[in-house]
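>>> need coordinates for the below:
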Amino acid sequence: MNYPLQLSFKLLAIASQIYVRDANGQLLGYVKQKLFKFKEDINVFADEAQTQHLYNIKADRVIDFSAKYNFTASNGQPLGSIKRKGMRSILKANYEVYDERDAQVYFIHEENAWIKVVDSLLGEIPVLGMFTGYLFNPAYIVERMDGTQVARLKKQPAFFEGVFQLDPLTQIAPEEEARMLLAVLAMTLLERARG
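Predicted structure coming up:
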């Protein structure tokens, strides 16, 4: 993949839609989240017309704070999963990423918990709340289990849309890229209400 990748979605859209573009602006993926589903079911397509299905992200249970989201390729082959780290995620976002054999391979955590606190408090103030998406931009680190930082996802300043940039921090093997990108997409959808 041609990094950095950009993940963008409109904040005012009825159904969550994320566009994944490479450094040249080429569309790599289009994510559409289905409305009114008790059990999250997210599809990733190669194009906005949704003609080529690439991946699926599906929750293992009905609306739950610590549900596990399983990744599968279009042919049904399991690729891994992501799970929010329960109570630790209340103050600071924490996620565990597993491979297809259910062995933990990554840990995603928020760099600065204070950004989340300030964003939440100021976001409730009329008028001022409109500007928090431009002023407070959370960043997330993807780490391997040995502590090696793999990538950094940072929200970019923007009005009326969420724009995130994914930068690699080390060499990423091609077989790791899909799992990492699916984990980041799932986390972005889960954290989208912020900033």
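>>> low-confidence stretches in the protein?
The chain contains residues with pLDDT under 70 at 11-14, 35-38, 63-65, 86-91, 113-135, 160, 192-195.
>>> so which residues of it form strands?
Secondary structure of the chain (DSSP state E): strands located at 5-10, 17-21, 27-33, 41-45, 53-59, 68-73, 78-84, 94-98, 104-110, 139-144, 149-156, 161-168.
>>> tell me the bridge partners for Glu161.
Glu161 has these beta-bridge partners by DSSP bridges: Lys10.
>>> ok, Ala15 - how many residues close by?
Using other CB atoms under 10 Å, Ala15 has 9 other residues around it. For the C-beta atoms, the positions are set from N, CA and C on the backbone; glycine is no exception.
>>> number the residues from 37 up from this point.
Got it, first residue is 37 now, which makes that one Ala51.
>>> tabulate the strands of the chain (a markdown table), appending mean neighbour count and distance to Glu211.
Converted to a markdown table, the strands of the chain look like this (neighbours: other CB atoms under 10 Å; distance: least, CB to CB, whole Å):
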| stretch | mean neighbour count | distance to Glu211 |
| --- | --- | --- |
| strand 41-46 | 18 | 17 |
| strand 53-57 | 18 | 18 |
| strand 63-69 | 18 | 17 |
| strand 77-81 | 19 | 17 |
| strand 89-95 | 18 | 14 |
| strand 104-109 | 20 | 12 |
| strand 114-120 | 21 | 9 |
| strand 130-134 | 22 | 14 |
| strand 140-146 | 20 | 11 |
| strand 175-180 | 19 | 14 |
| strand 185-192 | 19 | 13 |
| strand 197-204 | 18 | 15 |
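>>> this completes my enquiry, with thanks.
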